[in-house]
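J.: mind looking at a prediction? Sequence and model below.
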Amino acid sequence: MNMVGVKFKSTGNTYFFLNDDLDLNVGTYVVVDTENGEQYARVTDLDIENNKKLDLNKMKKVLRIANDKDIKQYESNIKKAKEALEYARKEAKELGLEMRLLDASYTLDRKQLSFNFIADDRVDFRELVKSLASSFKTRIELHQIGVRDKSKLIGGLGQCGRPLCCGSFLTGMETISINMAKNQGLALNPTKINGLCGRLLCCLAYEDDVYTCHRKELPSIGQKIKTKDGEGKVVSLDVLNKKYSVDINGDIKTYEAGECPKNAGKDKRA
């Protein structure tokens, strides 16, 4: 018995399940056993080493390779979930709840119906849950998500004109800080460094370690240094090219710093 990784959504997290003797390949659609019921998923990793020291005795299993019946059920669930979403929105409005329901999804066996929503404050949705449970005769779960998760869910086009990273290929949400923008010498203008979600751009993390590494090889702006042409003051930096300019008695000279270690700048998009 080995461990395989699966995803329930193309840009979602990878979850691990035990595979007994099924002949699986990357890309194979399977049905897995979860705490909430059976789920339809896609295999993304095979023969995974247990580096995270997961308790194999408590892990759920891959039940079977998805068959035609499973696929039809999955497609039907998508349609039914859309209908449930419209009904839930109507009910929430009638109950006067200040919340915006974004999506709905069934488990494959329809033992659970889940909704994601956003709201400015905490929402008492107990009456809504009762109404939905009574109407759909299944377990109901509502999850309040943040604005970054909302963008990942809905998608859109970023400043670069390409689909949002979070909605196209990123599998997790990294912590992004304003120091990353400062480190890269970007103007701290919210319209330039914030994404559609209103939070700092995810792509600020892609090259941050390269900038950090290169800056270690460079002096600071305003620093007085000695060069082969005399002593001067650093007036500008070209961080990516590891070059800096020095004002030596009114004459601007450009110099090149030492090389950066080869392992710096891991591509976070891989």
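T.: Here it is on my side, so go on.
J.: and Asp109, what is it in contact with?
T.: The contact partners of Asp109, taken as C-beta atoms under 8 Å, 6 or more residues apart in numbering, are 37-38. Where you see a C-beta, it was placed from the backbone N, CA and C, and this is true even at glycine.
J.: in stretch 123-137, what's buried?
T.: Within stretch 123-137, the residues that qualify as buried are 123, 125, 128, 131-132, 136, counting by 16 or more other C-beta atoms under 10 Å.
J.: out of those residues, the closest to Asp208 would be?
T.: Among those, Val123 lies closest to Asp208 (C-beta to C-beta), at 35.9 Å.
J.: what's in contact with the helix or strand containing Thr44?
T.: Secondary structure assigned from DSSP states H and E places Thr44 in strand 37-45. Contacting residues not belonging to strand 37-45 are listed as 4-8, 10, 14-15, 24-32, 63, 66, 70, 73-74, 107-112 [C-beta under 8 Å, 6+ apart].
J.: could you pull out the helices in the stretch 151-270 of the chain for me?
T.: 165-168, 178-183, 190-193, 208-216 (DSSP state H, counting those that start in this stretch).
J.: quick one: which of the buried residues of stretch 123-137 is nearest Ser236?
T.: Val123 (51.2 Å).
J.: does that closest one sit in a helix or strand, and which one?
T.: Here Val123 is assigned to no helix or strand, by DSSP H and E.
J.: follow-up on the earlier one: could I get the buried residues of stretch 123-137 as TSV with pLDDT, distance to Leu46 and secondary structure?
T.: As requested, the buried residues of stretch 123-137 are exported to TSV (pLDDT from 0 to 100; distance: C-beta to C-beta, whole Å; DSSP: H, G, I helix; E, B strand; the rest coil):
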residue	pLDDT	distance to Leu46	secondary structure
Val123	88	42	coil
Phe125	93	40	coil
Leu128	95	41	helix
Ser131	94	43	helix
Leu132	95	38	helix
Phe136	95	36	helix
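J.: for those residues, which one is nearest Gly232?
T.: Taking the buried residues of stretch 123-137 together and measuring to Gly232 by C-beta to C-beta, the closest member is Val123, at 61.1 Å.
J.: tell me the confidence at the residue nearest the centre of the chain?
T.: Central residue of the chain (C-alpha atoms, centre = their mean): Gly172, 3.3 Å from the mean position. According to the prediction, Gly172 has pLDDT 70.
J.: and Asn51, by the same measure?
T.: Looking at Asn51, its pLDDT stands at 63.
J.: which among the contacts of strand 37-45 end up buried?
T.: In the contacts of strand 37-45, the ones that pass as buried (16+ other C-beta under 10 Å) are 4-8, 15, 24, 28-32, 63, 66, 70, 73-74, 107-110, 112.
J.: what packs against the longest helix anywhere in the chain?
T.: Determined from DSSP state H, the single longest helix within the chain is helix 68-94. Applying 3 or more C-beta pairs under 8 Å, 6 or more residues apart in numbering; DSSP states H and E, we find helix 68-94 packed against strand 29-34, strand 37-45, strand 100-106, strand 112-118, helix 126-136.
J.: mind listing what's buried in it?
T.: Buried, per 16+ other C-beta under 10 Å, within helix 68-94: 70, 73-74, 77, 80-81, 84-85, 87-89, 91-92.
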